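In: Give the three-dimensional model of this entry:
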Amino acid sequence: MRILIAEDDLTSRKFLFKFLSQYGECDLVVDGLEALDAFLMSIKDKRPYDLICLDIMMPKVDGVKVLKNIRDYENQKGVEPERRSKIIMTTALAETQFVQNAFDVGCDAYAAKPIDIVKLEEALQKLGLERMDQHL
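Out: Reported below is the predicted structural model:
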């Protein structure tokens, strides 16, 4: 499984990388522009991301705008819903309006910071994503 982690906070980025590495190959970016570039590059290389973790508050382009761009691109290209990248939004914001906006735009799940591993694992299971060691 290919995973993109878009997170500007070093601690959160390292934590997500360490945890999600057991699920697949992880790429790291630190802002919204890099996230969009990485997504488009993965499409160009015909190796799209299975999972994208987007921080809502990122420099340059915020996570909700990145999410909207990704979903608009997938819609333009006619990507079937079951083949779209799964997107989990992460945020330290307790502002429910941001979270609701993200769901309205098309995120698949949400994880509050600090990230709760149990809740994140539950979200990944609901999305049908398995750890690599479950295949061994």
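In: helix/strand/coil for residue 28?
Out: Classification of residue 28 into helix, strand or coil gives strand, according to DSSP: H, G, I helix; E, B strand; the rest coil.
In: which residues does it contact?
Out: With contact taken as CB atoms under 8 Å, 6 or more residues apart in numbering, residue 28 is in contact with 5, 7, 13, 17. Every C-beta, even on glycine, is put in place using the N, C-alpha and C of the backbone.
In: How many neighbouring residues does the second one have?
Out: Residues lying near residue 7 (other CB atoms under 10 Å) number 24.
In: unless I'm mixing things up, it is touching residue 53, no?
Out: Yes. Contact criterion CB atoms under 8 Å: residue 7 and residue 53 qualify, at 7.0 Å.
In: Could you tell me which residues touch both of the two?
Out: Contact criterion CB under 8 Å, 6+ apart; residues shared by residue 7 and residue 53: 16, 90.
In: about what we covered before: in helices, which of the contacts of residue 28 appear?
Out: Judged by DSSP state H, the contacts of residue 28 include 13, 17 as members of helices.
In: Now a ChimeraX select for only the buried ones of the contacts of residue 28.
Out: Selecting only the buried entries of the contacts of residue 28 in ChimeraX, with 16 or more other CB atoms under 10 Å as the criterion:
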select :5,7,13,17
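In: Quick check: the gap between the nearest residue to residue 50 once chain neighbours are set aside and residue 55.
Out: Once flanking residues are discounted, residue 50 sits nearest to residue 1: 4.5 Å by CB to CB, 6 or more residues apart in numbering. Computed with CB to CB, to the nearest Å, the distance linking residue 1 and residue 55 is 20 Å.
In: Show me which of the two is the more surrounded one.
Out: Between residue 1 and residue 55, counted using other CB under 10 Å, the more crowded position is residue 55 (27 against 16).
In: Any idea what the more buried one is bridged to?
Out: Per DSSP bridges, residues listed as beta-bridge partners of residue 55: residue 90.
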